[in-house]
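Asks: Sequence and predicted model, in that order:
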Amino acid sequence: MRMHSADPKTLTPEIFQLFKTQNALLTAGDREGCNTMTIGWCQLGTLWNLPVCTVYVRPERYTYQFMESKDYFTVSVLPASEKETLRICGTQSGRDTDKIKTCGLTVCYGAGDAPFIEESELVLVCKKLYVQDLAPECVKDERIFRSYGAMGGWRRGYTGEVLEAYIIK
């Protein structure tokens, strides 16, 4: 493996810039089976004095069932050159396609047997702490409905403690 363990508490603020310019893969499951999907929404920070990562998944997505049934998930940031991989993982369903095999990705496992993508520049392995649905009645700014509402389903947010981090050295 070309990735090396890193202390999540020492990751620099530049990590927050990644999600402005690069998408990532959210992967959930275990050694028996998993799915990955492209995400553009990801929040990182501190909550309850813990390093956390929050991701959002629509119930219609195949990955949702893995997120619901497993306690761990991972976020893998691929190199910017992997646009085709991100396109495939964001447009094809794992119900119909083995996206990991199609894209030639390698699965490794972190805490809780959480699967992650070895070809990544950065990986966060998270244990679920909190789950809550986003709800239209809680939106306080109409701009959200003009863009987000037109895109379809309301997502469920999953906040996980970042237990492990892996980076390329």
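Replies: Nice, I can see it.

Asks: switch to C-alpha atoms for all contacts and neighbour counts from now on
Replies: OK.

Asks: Roughly how far does Leu163 sit from Ala28?
Replies: 15 Å (CA to CA, to the nearest Å).

Asks: which parts of stretch 109-119 are buried?
Replies: For stretch 109-119, burial by neighbour count (16 or more other CA atoms under 10 Å) applies to Gly110, Gly112, Asp113, Ala114, Pro115, Phe116, Ile117, Glu118, Glu119.

Asks: Give me the average confidence score over that stretch.
Replies: In this model, stretch 109-119 has an average pLDDT of 96.

Asks: Can you tell me the closest non-neighbouring residue to Glu118?
Replies: Among residues not flanking Glu118 along the chain, Thr106 sits closest, at 5.5 Å (CA to CA, 6 or more residues apart in numbering).

Asks: Likewise for Pro115?
Replies: Tyr109 (4.5 Å).

Asks: which ones are touching the one you found?
Replies: Going by CA atoms under 8 Å, 6 or more residues apart in numbering, Tyr109 touches Asp30, Arg31, Pro115, Phe116.

Asks: Mind picking the two most distant members of those?
Replies: By the measure CA to CA, Arg31 and Phe116 form the most distant pair in the contacts of Tyr109, at 10.8 Å.

Asks: Where does the residue nearest the centre of the chain fall, secondary structure wise?
Replies: Centroid-nearest residue in the chain, with CA atoms, centre = their mean: Leu26, separated by 2.8 Å. Here Leu26, judged by DSSP states H and E, is contained in strand 24-30.

Asks: Send me the very next helix or strand once past that strand as PDB with only the CA atoms.
Replies: The first helix or strand that comes after strand 24-30 along the chain, using DSSP H and E, is strand 33-39. The C-alpha trace of strand 33-39 is given here as PDB (Å, rounded to 0.1, in the frame of the first residue of the first chain):
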ATOM      1  CA  GLY A  33     -19.700  -6.600   0.200                       C
ATOM      2  CA  CYS A  34     -19.600  -2.900  -0.300                       C
ATOM      3  CA  ASN A  35     -20.500   0.000  -2.600                       C
ATOM      4  CA  THR A  36     -18.900   3.300  -3.400                       C
ATOM      5  CA  MET A  37     -20.400   6.500  -4.800                       C
ATOM      6  CA  THR A  38     -19.200   9.900  -5.800                       C
ATOM      7  CA  ILE A  39     -20.000  12.700  -3.300                       C
END
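
Asks: I am finished for the moment; much appreciated.
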